[in-house]
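Asker: Dropping the sequence and predicted coords here.
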Amino acid sequence: MAILMIVLTVVVYLGMNRLYGRYRFPFLIPTLTTTFTIVVLLVGFQVPYKTYMLGGQWINLLLGPSIVALAYPLYNQRMILIRNFIPILSGILVGSVFGIVSGLLFAKYLGVEKSLIISIVPKSITIPVAMRPMQ
């Protein structure tokens, strides 16, 4: 089952990536459409999230190394990053604040328990950073 869930995720992502390549519409970015499609498929076929995560945990484990693998291309583009430091920092700040605030507001609107609302705050942090053990 784990392999089936991994294959499902990869196939859906590749399909959504192809769709985005053909129609460059902002709401068709592969990450968004893949997530939406996976959720629709899981709900439609009544597959529990726990079952999906049998394969999803392997993808999740690969997130850390993939983030580290981005270091080399970022290093190669460091001059562009330095020149655009203020716009990049502004985008990160606005995106992070919006992600945190929107998560909190949606949770409160939906009547989520306070202890769960507090746990939603770090959701906008990159997964490997959020999963890093506290020191």
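Answerer: That came through fine.
Asker: Report the buried residues of stretch 80-100.
Answerer: By 16 or more other C-beta atoms under 10 Å, the buried positions in stretch 80-100 come out as residue 100. The way it works is simple: take the backbone N, C-alpha and C, and place the C-beta from them, glycine included.
Asker: for stretch 102-113, same thing?
Answerer: Here stretch 102-113 shows 103, 104, 107 as buried, counting by 16+ other C-beta under 10 Å.
Asker: Pick the one among these closest to residue 43.
Answerer: residue 107 (20.0 Å; C-beta to C-beta).
Asker: Figure out the helix or strand that that closest one lives in.
Answerer: Residue 107 belongs to helix 85-109 when assigned by DSSP states H and E.
Asker: again, but for residue 64
Answerer: Residue 64 belongs to helix 49-69 when elements are defined using DSSP H and E.
Asker: Adding pLDDT and distance to residue 65, write the buried residues of stretch 102-113 out as CSV.
Answerer: Formatted as CSV, these follow (pLDDT from 0 to 100; distance: C-beta to C-beta, whole Å):
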residue, pLDDT, distance to residue 65
103, 79, 26
104, 83, 31
107, 84, 31
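Asker: tell me the mean pLDDT for whichever helix or strand comes after the helix holding residue 64?
Answerer: Once the chain leaves helix 49-69, the next helix or strand it forms, by DSSP H and E, is helix 71-76. Mean per-residue pLDDT for helix 71-76: 88.
Asker: Alpha carbons of the helix holding residue 64, as PDB, please.
Answerer: This file holds the C-alpha atoms of helix 49-69, laid out as PDB (Å, rounded to 0.1, in the frame of the first residue of the first chain):
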ATOM      1  CA  TYR A  49      -5.300   9.600   5.800                       C
ATOM      2  CA  LYS A  50      -3.400   7.200   8.000                       C
ATOM      3  CA  THR A  51      -3.400   4.700   5.000                       C
ATOM      4  CA  TYR A  52      -2.100   7.400   2.600                       C
ATOM      5  CA  MET A  53       0.700   8.400   5.100                       C
ATOM      6  CA  LEU A  54       2.100   4.800   4.900                       C
ATOM      7  CA  GLY A  55       3.600   6.000   1.600                       C
ATOM      8  CA  GLY A  56       3.500   9.700   2.500                       C
ATOM      9  CA  GLN A  57       5.900   9.200   5.400                       C
ATOM     10  CA  TRP A  58       8.600   8.200   2.900                       C
ATOM     11  CA  ILE A  59       8.100  11.300   0.900                       C
ATOM     12  CA  ASN A  60       8.100  13.300   4.100                       C
ATOM     13  CA  LEU A  61      11.500  11.700   5.000                       C
ATOM     14  CA  LEU A  62      12.900  12.900   1.700                       C
ATOM     15  CA  LEU A  63      12.000  16.500   2.400                       C
ATOM     16  CA  GLY A  64      15.000  17.100   4.600                       C
ATOM     17  CA  PRO A  65      17.600  15.900   2.100                       C
ATOM     18  CA  SER A  66      15.800  17.700  -0.700                       C
ATOM     19  CA  ILE A  67      16.000  21.000   1.200                       C
ATOM     20  CA  VAL A  68      19.700  20.500   1.800                       C
ATOM     21  CA  ALA A  69      20.100  19.700  -2.000                       C
END
